[in-house]
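Participant: would you be able to build a 3D model of this:
(chains A and B)
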2 protein chains.
Amino acid sequence: MTAPFPTPKTEDAQRLLGPDEIEAALRDIGARRYHNLHPFHRLLHDGKLNKDQVRAWALNRYYYQAMIPVKDAAVLARMEDASLRRVWRQRIVDHDGDAPGDGGIERWLKLAEGVGFERAYVESTQGILSATRFSVDAYVHFVKERSLLEAIASSLTEMFSPTIISERVAGMLKNYDFITKDTLAYFDKRLTQAPRDAEFAIDYVKQHATTPELQRKAMAALTFKCNVLWTQLDALYFAYVAPGMIPPDAWTPGTGLVPEVTQAAGTGTIGATDVPRLPRGVRLRHDEVRGQHVLLAPERTFDLDGNAVAVLSLVDGTRTVRDIAGVLAETYAADRAVIEVDVLAMLNDLATKRVLER
Amino acid sequence: MTAPFPTPKTEDAQRLLGPDEIEAALRDIGARRYHNLHPFHRLLHDGKLNKDQVRAWALNRYYYQAMIPVKDAAVLARMEDASLRRVWRQRIVDHDGDAPGDGGIERWLKLAEGVGFERAYVESTQGILSATRFSVDAYVHFVKERSLLEAIASSLTEMFSPTIISERVAGMLKNYDFITKDTLAYFDKRLTQAPRDAEFAIDYVKQHATTPELQRKAMAALTFKCNVLWTQLDALYFAYVAPGMIPPDAWTPGTGLVPEVTQAAGTGTIGATDVPRLPRGVRLRHDEVRGQHVLLAPERTFDLDGNAVAVLSLVDGTRTVRDIAGVLAETYAADRAVIEVDVLAMLNDLATKRVLER
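Facilitator: From the prediction side, this is the model:
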C-alpha cells in the first residue's frame, strides 16, 4: 500500500490533443453537462409536467429560438472567408425560412400555439423569465466578443441534440394528450439540420484549435454554451416546478392563451353562485397622486368608477356574486335581484379582459 | 349600478409626467420590484440562512461588486460632457479605491473572507453561478447598448438601497454569530455613497426624460435593473435553499475556504473509525481512452494508481477506514493494522486536497 499521491494532470492539460482526442474531450463535456441531464427535461420527457409547465417551457424557449439566427448572423459577420460564410448562412435560412410561415422560428410558434398560446403573446416575449433573456443574450454577446473559434465551438451542443430530440419527441407524444406530431414538427427538421451543422463545426475546431490553449478555449466555449442551456432550465424549474416562485412580470398560467383554453382553465362566464376573485398579479389599488382607484394588472392599469370599487372591494375569494349583490342591496337599500344583474355584467366584462376569474 | 367598463390608461401612458410624478413613478417601481422583497433576502436578514447559504450569497455577490466599476466605466465612456464625467468617475474611485487594500471591492472581499473564504478563490469567480454571471453581464451590456439616459436610469436602484442596507446590517449582526461589524464595513460606506449617487441620477433623469417615450424608457431601464438583482437571488435560492439543485461547477459547501473553516466543517483529519466519503461533485471514474482510473473533481482530475483505486472502490459512505483496511487485508492476505496505516495516510492526503471528506 504505497500509493503515490495523485497529482492534477497539469501536464496533460498542456498537451496538444489529436483530432480524435479533442472530439472525445468535447463529447465528454456534453456527456456531463448537456441539458438532457437536467431534472426539468427529465420531467418534461417523462410526462411529469402539467400543461402549464409545458407551456412555460414552450414560451421561454421561443426566445432562444428567435435569437438563434441573430446569434448566427453575429457569427457570420465575423467570418472573413466567403467559403465559411456560404456554409454558415444556411443556419439563418433554416431558422428564418424563405417566406413568412416557413422556418424553424415559425415551427416553434406552431408548437407554442399547439399548447394553447396566442401567437402575438409569444412573439412579444413579454412573459419570458428575465433569466431566459439574460442567458440567451449572454450567448449572443459571447459570439460577438470572443474569437471566431470560440463562437463556432459554442455551437457544438448540436453534437448532442439528436439524442435529446428523439427522447423528447417520443416521450412527449406518449405522455401528453395535448401534444401532437404536428405540434412537434420543429424537431423533425432539426434531426437532419443539427448533425450537418455539428459536423462542420467540429471539423472547424479540429482544424483551427492548433495549440493546447486554443483547445482549452474551445472546450470552455462548449462548457459556456452548456451553461446557457442549463441556466434556462434552472430558472424554469424554480419558477414553475419547485419552489414555484414566479418572478414579477413573468408569465402566469392563464395569460396569453387563446380564449377556448382560457375558458377551459375556469375563467369563463361568471354566474350568480360563482365566487369571483382577482387573478394572481391583479390588485385593487388607490392612486394617491390622482385620487383615483385603479385595477393594477401586469402591463395594464384600469381606472375604476365608484360602482366598480364598491363591487371589487367585496371580491374577497369567499363571497359569491349573489353574496356581493346582497351586501350592496343592503348598503344602498336597493333590490338585490336588480343589483345582481348589474354586478354580473360588470364582473363578466372584467373577466373578458382577464382581470377577474372565478 | 351602471359601471362604465374601465379602460386601460393608454392616454395616461402617453402623458408627460412632471418631475415629482416621474420620481414617484420610479419609486413605485422600487416599492414593487426591488430585491429587498425577494424571499432570499428575507431569509438572509432574518437569520434563517445557514452559514453556507450566507457564503453562497457573499461569493456570488462578489462578481456583481467586481463588475460595477466596469459597468460605470462603460457609462463614463458614453458621456461626452466633462461635467457629467467629473461626477460619474467618483463611482469608480469608490469601488476601486486609491490603492490596493482600499475601495468597495476590497471591502466586499473582506466580507467574503469574514465568512471563511480564501481570497483568491473569491477573486477567481470560478465558483459563481452562471446565472449570476449572465445577470451581471446583462447589466454591463445594457449600459453599453442602450441610451445614456437608460444607462443612468438603470443605476437608480440606489434610491432604495439605504433601506435594505439598514435592514441587512441590523439583521445580520443580530442573527449570525459569524458576522461582525467589521465584516460588514462595505455597507457603512454605501450608506453615504448611494444617496449621493442616486440624487445625481434622479436629477439627470428628470432633466433629460423630456418626452413620455423617454420617461417610459427610463422606467423600463429601472425595471430591467430590478430584474438583474432579482434573478441573482432566484438563482441563489434555487441552488442553495430550495430545491437546492446546485448547477455543475458551481460552488459547493467546503470549497474555497481557508483551512480552519474546512476543519470546522468536519473535513479535517480522518481517523480509523471515521467513515470517509467522496464530497459532492467528486467521482471515481475510468478514462476509457487512456485506460486509466481517475478521480474527477470540479476543475481538477487526479490520476490514480492501483492501490488508490482499490481503496476508493471501497469508500461507499458506510464503511469506516478500519472496515476498508479489513477488506483489503483479506483480499491481499496482509496484516490489517499495517494496511490501515497506509490507507489512513492516503485518505488524509486526499482530504487535504479536498477530494475526500469524513
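Participant: near chain B, which residues of the stretch 101-250 of chain A?
Facilitator: Within the stretch 101-250 of chain A, the residues that sit near chain B (CB under 8 Å from any CB of the partner chain) are A:129-131, A:133-135, A:137-138, A:141, A:223, A:226-228, A:230-231, A:234-235, A:237-239, A:242-243, A:245, A:247-249. Heads up, the C-betas are built off the backbone N, CA and C, glycines and all.
Participant: next, check the residues you listed against the helices and list the overlap.
Facilitator: A:130-131, A:133-135, A:137-138, A:141, A:223, A:226-228, A:230-231, A:234-235, A:237-239 (DSSP state H).
Participant: coming back round to it: please pick the buried ones from the residues of the stretch 101-250 of chain A next to chain B.
Facilitator: A:129-131, A:133-135, A:137-138, A:141, A:223, A:226-228, A:230-231, A:234-235, A:237-239, A:245, A:247-249 (16 or more other CB atoms under 10 Å in any protein chain shown).
Participant: residue A:302 against residue A:287, yeah?
Facilitator: No. Checked against CB atoms under 8 Å, the pair residue A:302 and residue A:287 is beyond contact range at 11.3 Å.
Participant: between those two, tell me which one has more neighbours.
Facilitator: Legend: neighbour count by other CB atoms under 10 Å in any protein chain shown for residue A:302 and residue A:287, higher for residue A:302 (19 against 16).
Participant: and the more buried one, helix, strand or coil?
Facilitator: strand (DSSP: H, G, I helix; E, B strand; the rest coil).
Participant: tell me the pLDDT at it?
Facilitator: With respect to pLDDT, residue A:302 scores 79.
Participant: which residue ranges of the stretch 201-350 of chain A form strands?
Facilitator: Ranges of strands within the stretch 201-350 of chain A are A:283-287, A:292-297, A:300-303, based on DSSP state E, counting those that start in this stretch.
Participant: check these for me: which has the lowest mean pLDDT.
Facilitator: Going by mean pLDDT, the lowest-scoring of the strands of the stretch 201-350 of chain A is strand A:300-303, which has a mean of 79.
Participant: near chain B, anything from it?
Facilitator: Yes. Using CB under 8 Å from any CB, we find that strand A:300-303 touches chain B at A:300, A:301, A:302, A:303.
Participant: so which elements touch that strand?
Facilitator: The contact analysis (3 or more CB pairs under 8 Å, 6 or more residues apart in numbering or on different chains; DSSP states H and E) places strand A:300-303 against strand A:292-297.
Participant: by how many degrees do the strand it packs on and strand A:283-287 diverge?
Facilitator: Per axes from the mean of the first three to the mean of the last three CA atoms, to 10 degrees, the angle that strand A:292-297 makes with strand A:283-287 is 150 degrees.
Participant: next, format the strands of the stretch 201-350 of chain A as JSON lines and append distance to residue A:72.
Facilitator: Putting those into JSON lines (distance: least, CB to CB, whole Å) gives the following:
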{"stretch": "strand A:283-287", "distance to residue A:72": "42"}
{"stretch": "strand A:292-297", "distance to residue A:72": "37"}
{"stretch": "strand A:300-303", "distance to residue A:72": "36"}
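Participant: how about these, which one is nearest residue B:24?
Facilitator: With respect to residue B:24, and counting by CB to CB, the nearest of the strands of the stretch 201-350 of chain A is strand A:283-287 at 10.0 Å.
Participant: buried sites along the closest one?
Facilitator: A:284, A:287.
Participant: can you give me the helices for the stretch 251-358 of chain A?
Facilitator: Using DSSP state H, counting those that start in this stretch, the helices of the stretch 251-358 of chain A run over residues A:259-262, A:306-312, A:321-331, A:336-352.
Participant: okay if I get these as a markdown table plus mean neighbour count, mean pLDDT and distance to chain B?
Facilitator: As requested, these are arranged in a markdown table below (neighbours: other CB atoms under 10 Å in any protein chain shown; pLDDT from 0 to 100; distance: least, CB to the nearest CB, whole Å):
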| stretch | mean neighbour count | mean pLDDT | distance to chain B |
| --- | --- | --- | --- |
| helix A:259-262 | 15 | 56 | 18 |
| helix A:306-312 | 19 | 85 | 4 |
| helix A:321-331 | 18 | 84 | 8 |
| helix A:336-352 | 18 | 76 | 3 |
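Participant: host element of the residue positioned nearest the centre of chain A?
Facilitator: Chain A has residue A:60 as the residue nearest its centroid, 1.0 Å off, counting by CA atoms, centre = their mean. Using DSSP states H and E, residue A:60 maps to helix A:51-76.
Participant: and that helix, what does it pack onto?
Facilitator: If contacts are counted by 3+ CB pairs under 8 Å, 6+ apart, helix A:51-76 sits against helix A:39-45, helix A:82-96, helix A:104-114, helix A:119-124, helix A:130-145, helix A:148-153, helix A:212-240.
Participant: what's the first one in contact with?
Facilitator: Spelled out, it's helix A:39-45. Applying CB atoms under 8 Å, 6 or more residues apart in numbering or on different chains, the contact partners of helix A:39-45 are A:35, A:48-49, A:53-54, A:57, A:164, A:167-168, A:171-172, A:175, A:233-234, A:236-237, A:241, B:245.
Participant: again, only using 6 Å
Facilitator: Here helix A:39-45 makes contact (CB atoms under 6 Å, 6 or more residues apart in numbering or on different chains) with A:49, A:167, A:168, A:171, A:233, A:236, A:237.
Participant: of these, which one scores lowest on pLDDT?
Facilitator: For the contacts of helix A:39-45, the weakest pLDDT value sits at residue A:167, with 89.
Participant: distance check, that residue against residue A:44.
Facilitator: Distance, residue A:167 to residue A:44, by CB to CB, to the nearest Å: 10 Å.
Participant: quick one: which of those two has more around it?
Facilitator: Per other CB under 10 Å, whichever of residue A:167 and residue A:44 has more neighbours is residue A:44, with 22 against 16.
Participant: distance check, that one against chain B.
Facilitator: Distance of residue A:44 to chain B, computed by CB to the nearest CB, to the nearest Å: 15 Å.
Participant: next one: residue A:190
Facilitator: Per CB to the nearest CB, residue A:190 is found 24 Å from chain B.
Participant: residues near that residue, how many?
Facilitator: Per other CB under 10 Å, the neighbour tally for residue A:190 reads 19.
Participant: same check on residue A:28?
Facilitator: When neighbours are counted by other CB under 10 Å, residue A:28 registers 13.
Participant: pass me the low-pLDDT residue ranges in chain A, would you?
Facilitator: A:1-13, A:260-269, A:271-272, A:337, A:341 (pLDDT under 70).
Participant: can I see the domain layout of it?
Facilitator: Residue ranges for the domains of chain A, per the TED database: A:14-241, A:283-353.
Participant: just to revisit the earlier point, from the residues of strand A:300-303 next to chain B, which two are the most distant?
Facilitator: A:300 and A:303 (11.2 Å).
Participant: circling back: between the residues of strand A:300-303 next to chain B, which is closest to residue A:270?
Facilitator: For the residues of strand A:300-303 next to chain B, the nearest to residue A:270 is residue A:302 (17.1 Å; CB to CB).
Participant: SS state for residue A:127?
Facilitator: Here residue A:127 is coil, with the state taken from three-state DSSP.
Participant: next one: it from residue A:251, what distance?
Facilitator: Computed as CB to CB, the residue A:127 to residue A:251 distance reads 3 Å.
Participant: also residue A:136?
Facilitator: Residue A:136 is 16 Å from residue A:251, by CB to CB.
Participant: who has more neighbours out of those two?
Facilitator: Taking neighbours as other CB under 10 Å, residue A:136 and residue A:251 compare with residue A:136 leading, 27 against 23.
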